[in-house]
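[1] what follows is a predicted protein model with its sequence.
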Amino acid sequence: MQTERQAERRPPDGRSLTGAEAQAYRGLRDVVLAAGGIDIGRYKDRCLLRRIAVRQRASGAADLRTYLKLVKRDPLERAQLVKALTVHVSQFFRNPSTFHALQHEVLPAILAEKDRTGGRALRLWSAGCACGEEAYSLALLLCETAQDALERYSTTIYGTDIEPECLHAAREGRYPASSLKSVPASWRQRYFTAAGVQYTVGPELRRLVHFKRHNILDPVPFGRIDLAVCRNVLIYMSDSLQEQVLLGIHAALSARGYLVLGKVEGLAGATRNVFEPVNVPERVYRKRER
Ligand SMILES: C[S@@+](CC[C@H](N)C(=O)[O-])C[C@H]1O[C@@H](n2cnc3c(N)ncnc32)[C@H](O)[C@@H]1O
C-alpha cells in the first residue's frame, strides 16, 4: 500500500516522479534554499510540486530538468519561484470571528494581566504578515477598543515575512477596496485615506507597526511578545517543521503569552505540552505555566 508520504510526492498529474524528475526537484529545493532561505525540503511535497509546475508552465520550460537549468541561470525566475512557493493571500480582519475573540477575550485578558503586574510594554507580532493586512488590523483593533492602553503602554506591533516584496507593499500600506471588505465603514473612514480605487493606511496605524524581514524557521530576533498571530503559514510545512516554528514562537512569547493560529492549523508534536488551548474554534492558545 502507498504511504501518505509517497502519495504526497506525486506530481500534480498523479503519477510518480521519475528518477530524473526527483533529482531536478531536489536541485530546485537547493536553489530555493540558497536564494530565499526557505528549506522547502521539509515543506509538503504535494503543495510544492503543484506550485513549481505552475511556474514551470509559465516559463515555457518543457520539464522539471529544463526548468531547474532556467532557475539556476535566471535570477528573475528564481525570485518568481520563491514568491510562488510562499502564498501571500490576506485581507484586513481575515476570519472576523478570530478578531472578535481577540477583541473580547484575548486583548482584555492581556491588558488586565499587565495592569495587575505593572508591565510597561505591549508587544504583538504578526508572523507571516504577507502585505501587512493582519498587523494593521491588530493596530486598528487596539486604536478602536483599547485607546487607553495605548496611552499607558509603549506599544509595538511587529509584522514579519520572508518575502521582501510583501514587506515593501506592507510599508507602502496601499490596498484595494476588496481587501478592506471586513472593515466597518466608520473605521475605514477614520483610519484610511481613499486614493482612487485604493485605500492608504493612515498615520495612527502606521506608528504602531514595524515591518521586518524574518524567516520563521530562523531564531526570532525579539522576545517578550504578549500575542503572536501566525495564521496560514504553517499549513505548507511538515509536522516536524511546524513543531520547530511553534517552539521558536514559544520562546519569543512572554510568560503566559498568547498564540493564534489559522483556522485549519493546530499545535504539532511536543508543542501540545507547552501551550494550552484557550479558544479551540478560533485556534487561540496560551503558553502554559511552568
Ligand atoms: C497565506 S499568507 C498569510 C497572511 C496572514 N497571516 C493571513 O493569515 O492572512 C502566508 C505568508 O507566510 C509567508 N511565509 C511563508 N513561509 C515563510 C517563512 N518560512 N518565514 C516567514 N514567512 C513565511 C508568506 O510569504 C506569506 O506572506
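    Sure thing, it's come through. What you are looking at is a predicted structure, and each value in this text was computed from that prediction instead of being measured.

[2] burial count for the closest residue to R283 other than its chain neighbours?
    Spatial nearest neighbour of R283, chain neighbours left out: L261 (4.1 Å); criterion: CB to CB, 6 or more residues apart in numbering. Heads up, the C-betas are built off the backbone N, CA and C, glycines and all. L261: 25 surrounding residues under other CB atoms under 10 Å.

[3] and L261, bridged to which residues?
    For L261, the beta-bridge partners are C230 (DSSP bridges).

[4] isn't it right up against I235?
    No: at 9.5 Å, L261 and I235 do not qualify as touching, with contact defined as CB atoms under 8 Å.

[5] what does the model give the closest residue to G132 other than its chain neighbours for pLDDT?
    Take G132 and drop its neighbours on the chain: the residue closest to it by CB to CB, 6+ apart is A170, 2.9 Å away. A170 is assigned a predicted lDDT (pLDDT) of 97.

[6] which strand or helix spans A170?
    helix 164-172 (DSSP states H and E).

[7] quick one: L167 from K72, how far?
    Distance, L167 to K72, by CB to CB, to the nearest Å: 26 Å.

[8] could you point out which element follows the longest helix along the chain?
    Longest helix in the chain by number of residues (criterion: DSSP state H): helix 19-36. With elements assigned by DSSP H and E, the helix or strand that comes after helix 19-36 is helix 45-59.

[9] next, the angle helix 45-59 makes with whichever helix or strand comes after that next one.
    Counting by DSSP H and E, the element after helix 45-59 in chain order, helix or strand, is helix 64-73. Per axes from the mean of the first three to the mean of the last three CA atoms, to 10 degrees, the angle that helix 64-73 makes with helix 45-59 is 80 degrees.

[10] relative to the whole chain's centre, how far out is helix 64-73?
    28 Å (CA atoms, centre = their mean, to the nearest Å).

[11] mind listing what's buried in stretch 179-199?
    Residues S179, L180, V183, W187, R188, Y191, F192, Y199 are the ones in stretch 179-199 that count as buried (16 or more other CB atoms under 10 Å).

[12] ok, residues contacting that stretch?
    Residues outside stretch 179-199 that contact it (CB atoms under 8 Å, 6 or more residues apart in numbering): 90-94, 96, 133, 140, 143-144, 174-177, 200-202, 204-205.
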